[in-house]
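Trainee: this one's structure only:
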């Protein structure tokens, strides 16, 4: 490793620098965040997507610690996997670290982690890096951005932020501290690009609180609110509104209960004991708010079970007001739509997205990005945390503020941005392919298996049993079994025709000698001709 | 069939009355529209979803004709399938019928259809039904709504509409004619619910034209516009703007070329010959507009091929302005996002959704729905063309206008709404399960096959070959083959362990006698324990 500063984004499923960023100077490495992604719709059977940890694990003797910006899964969810392989200190504000600790405890890897709580305006010494924290407004309390002094110059990493002036909990992004910490100049800015295609400013969280206040005033019956279990700032606002409107709050969903318990324990949430009730408590409908997970229509979530009439304690009925207080994550639209339909069918009054402002983003929009760029005035700019289109759009905002085009670097996964404090360039990338998790299998599912699953999902498969004698000649009846192709009984004519055609081809004189090839070619052609489908065909030639 | 009016919505994949509506009086049946749906993301391998035609086919001797409201696929795309089975007259305005004719010609079913062109203010006599057309503003020219006089009273079917006052082509919804046709009172209103969750009015199409005008003025290089091939009114606006900005227009994509040719031939589009150029013509970048399909990120569309660098004629480069002038249909977000990323990576300036108003809906919003209800003043209201949540929200708008709750009917697929002209009730539903099309297979893919595909897509499958002797005892080495489960070579240890475990179980004394059960149980337990996956397991017991 050279005596240059090197910055390496890892993971993020195309969202560069979202899950994890490595900073390196000489034989010293620090990591910012360690998150996971949830799979896209066409990533069949995959539960989670991890950053590639190979480089970090190989160089673990140089690792000076991990610093976390906030407690969302895309920033801490990779720790249970990484911490199986390395031992190091993890720094974060109390809530962030509390959430990370829970993740690691469940995976039995806590013994490898030394947890170090820090205040949101503290400075951490990590080898040659001095990491100064500054508070940022985001949808979870205890979020911070980082000003990292390195021997080559200062690097600013915004974390996830918005410049909300009336956020829930009153915690604004501390631009004054940021300005103070960066007064000697900034070598590089890594900034959140999530909403680079949203003009203006992201609406303040206060709008959501006001809308909820109105909806609470109108509701005559039970109120059920579905939201992300991690938007703890909004949960606080809901608790306060519950008190105002004389209602109790019941929580359903394990992650909600755990997060609220943790936030209360650490002082991030202030809720009187008497406000919270058990889901089984007998409370009049018009005195009750039920907080639930499932704003994304997840099949097994509490709200979806209510929609399907499968929730043990809660039976949706006329008079219920259901508020979906979470934006739909791209890819979940169909699941959410189906759930909403079912909730309406049960007679509930459902308030969602376009009908009222019951959710706002936790990320800043274009005007906030411009303000961040103007505040930090970096020499080099690296748009992160966003897909490629967001990075490009963020880069154009930087260009508008006067930054030269060749001072902006749009990085790929595993790219290495390097600088001597004056110039900046790209070193040769490291291999950094995302790692798929399927149940207990980590990394065992690669592109081949995914392609097979994709093909199986389209046309199913056919297994053909062909008994042959010593001279590879057919020595009995071929058998065809299929799954996911056509209904075997209802399409028995088709299968019988295929069997006859196969037999004819296998018995033909002068045919090629490999019966496997004959089976594959014959059936592929036959079924494509008859059905325009291409099921996976597995010949099973058995010598008898 | 009784002497009552009966209205039966069919198809629509949960969007009631979108694809097809049957009206019946005595032994007389007419059909409004005959469309198809495109599958949702989890409908593995399905190409199209058809309404269930069984009832119509069984009662075809009572069929007095089909009337089409407009030429979109969700309203005409089912004709190639239905017209294989029935002979009847099909009515529509020239463009609608021209598009339907092309569909039927490709499927070789034209001989069963008698095509009858009608003006958009004409009246059609169909048995005891008198069907009066009235023009509506929608994203395709020649769209109409229907006022249907029946012996039991008048039924209004809005078709797809918005109350745009400055639509492309200047064709507004003719509320005056609607009012005139309905002055004797309306028994039932069937109205478009698509945007029942959008407050206010849908922005006028003129906004899109204005935005495009601005973007054209700013563009220095080539302009590429991706839109739906069926939004012919917008295509006209683009042609006019091309002339204004001194540019030629090249079309790529078969459906675009065919639709433009048809619309020009029938006089719905006015474009001078010299404006249109071949995609291979040598035109300076700043004098060219390329119109393309692919606004949904469809893998094989022209724009996606450009994004991937696989388009034969068009190579995206810096200086290109690419405008995505089509809203993203729910479920396509991930495909669209990936395509946008690639276009940006090629250096293009891409304008899409949130960045500028380059698309507006062709369906009216809540205030337009209210106005429609107030104009028609129906005795009974049947919200159609929308999912369940939209029907419910539309019903509430009706309630706000003063309609009694029990005069609104939210129908299911195959429900029968019946009326004697005074009262209204539901007759027993008919079986109307949607029919899946997979390649040439129509209806052969049911729930079982879909479930198999779903499971295969998650965990793949394992085929186990077990040679046994006459007493069902293992008589050789069991073999395991898998696809879509794990990578066979990289996971050979796991497979070998499974094989050994299986052999041990098969050789155990006193084990249950059916080797198939032993194989299934052993491997299911083994793999779930080791991987938490549940691949489909197919035992193949061969007596040797």
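Mentor: In hand now; what should we look at? No experiment lies behind these values; they were computed from the predicted model shown. Residues are numbered from 1 along each chain as shown, chains lettered A, B, ... in the order given.
Trainee: from the chain's centre, how far out does stretch A:351-362 sit?
Mentor: 20 Å (C-alpha atoms, centre = their mean, to the nearest Å).
Trainee: for it, which positions count as buried?
Mentor: A:351-353, A:355-356, A:358-360, A:362 (16 or more other C-beta atoms under 10 Å in any protein chain shown). C-beta coordinates here come from the backbone N, C-alpha and C atoms, glycine included.
Trainee: Tell me the one of the residues you listed nearest residue B:374?
Mentor: residue A:355 (21.1 Å; C-beta to C-beta).
Trainee: separation between the closest residue to the closest one other than its chain neighbours and residue B:158?
Mentor: For residue A:355, ignoring the flanking residues on the chain, the nearest one in space by C-beta to C-beta, 6 or more residues apart in numbering or on different chains is residue B:197 at 5.5 Å. Distance, residue B:197 to residue B:158, by C-beta to C-beta, to the nearest Å: 18 Å.
Trainee: who has more neighbours, the two?
Mentor: Shown here are residue B:197 and residue B:158; by other C-beta atoms under 10 Å in any protein chain shown, residue B:158 has more neighbours (26 against 22).
Trainee: Need the pLDDT of that one.
Mentor: If you check residue B:158, the pLDDT there is 98.
Trainee: Kindly report the same for residue A:512.
Mentor: 60.
Trainee: go on, residue A:441?
Mentor: 87.
Trainee: now it, which residues is it bridged with?
Mentor: residue A:438 (DSSP bridges).
Trainee: neighbours of residue A:438, just the number please.
Mentor: 26.
Trainee: same thing with residue A:54?
Mentor: By the criterion of other C-beta under 10 Å, residue A:54 has 16 neighbours.
Trainee: wait, isn't it in contact with residue A:431?
Mentor: Yes: applying C-beta atoms under 8 Å, one finds residue A:54 in contact with residue A:431, separated by 6.9 Å.
Trainee: and residue A:124, which of the three is it?
Mentor: Three-state assignment for residue A:124 (DSSP: H, G, I helix; E, B strand; the rest coil): strand.
Trainee: if I look at it, how far off is chain B?
Mentor: Separation of residue A:124 from chain B (C-beta to the nearest C-beta, to the nearest Å): 35 Å.
Trainee: List the residues that contact that residue.
Mentor: A:65, A:67, A:91, A:116, A:118, A:130-131, A:133 (C-beta atoms under 8 Å, 6 or more residues apart in numbering or on different chains).
Trainee: Can you tell me how far it is from residue A:102?
Mentor: Taken as C-beta to C-beta, the span from residue A:124 to residue A:102 is 22 Å.
Trainee: in stretch A:236-249, what's buried?
Mentor: Under the neighbour-count criterion of 16+ other C-beta under 10 Å, stretch A:236-249 has A:236-242, A:245, A:247-249 buried.
Trainee: What helix or strand is residue A:529 located in?
Mentor: In this assignment (DSSP states H and E), residue A:529 forms part of helix A:515-531.
Trainee: just checking, what packs against whichever helix or strand comes after that helix?
Mentor: Sequence-wise, the next helix or strand downstream of helix A:515-531 (DSSP H and E) is strand A:536-543. On a contact count with 3 or more C-beta pairs under 8 Å, 6 or more residues apart in numbering or on different chains; DSSP states H and E, strand A:536-543 meets helix A:447-459, strand A:461-468, helix A:515-531, strand B:461-468, strand B:479-483.
Trainee: Pull the residues that contact the fourth one.
Mentor: Okay, so that is strand B:461-468. The contact list for strand B:461-468, computed with C-beta under 8 Å, 6+ apart, reads A:456, A:461, A:463, A:483, A:538, A:540, A:542, B:474-485, B:502, B:506, B:515, B:519, B:523, B:527, B:535-544.
Trainee: what's the answer for the first one, then?
Mentor: Outside of helix A:447-459, the residues within contact range by C-beta under 8 Å, 6+ apart are A:42-46, A:436, A:484-485, A:533-536, B:44-45, B:438, B:453-454, B:456-458, B:460-461, B:483-487.
Trainee: doesn't residue A:159 make contact with residue A:363?
Mentor: No: between residue A:363 and residue A:159 there is no contact, the gap being 10.4 Å when judged by C-beta under 8 Å.
Trainee: Are there residues contacting both of those two? Which ones?
Mentor: With C-beta under 8 Å, 6+ apart, residue A:363 and residue A:159 have common neighbours A:138, A:192.
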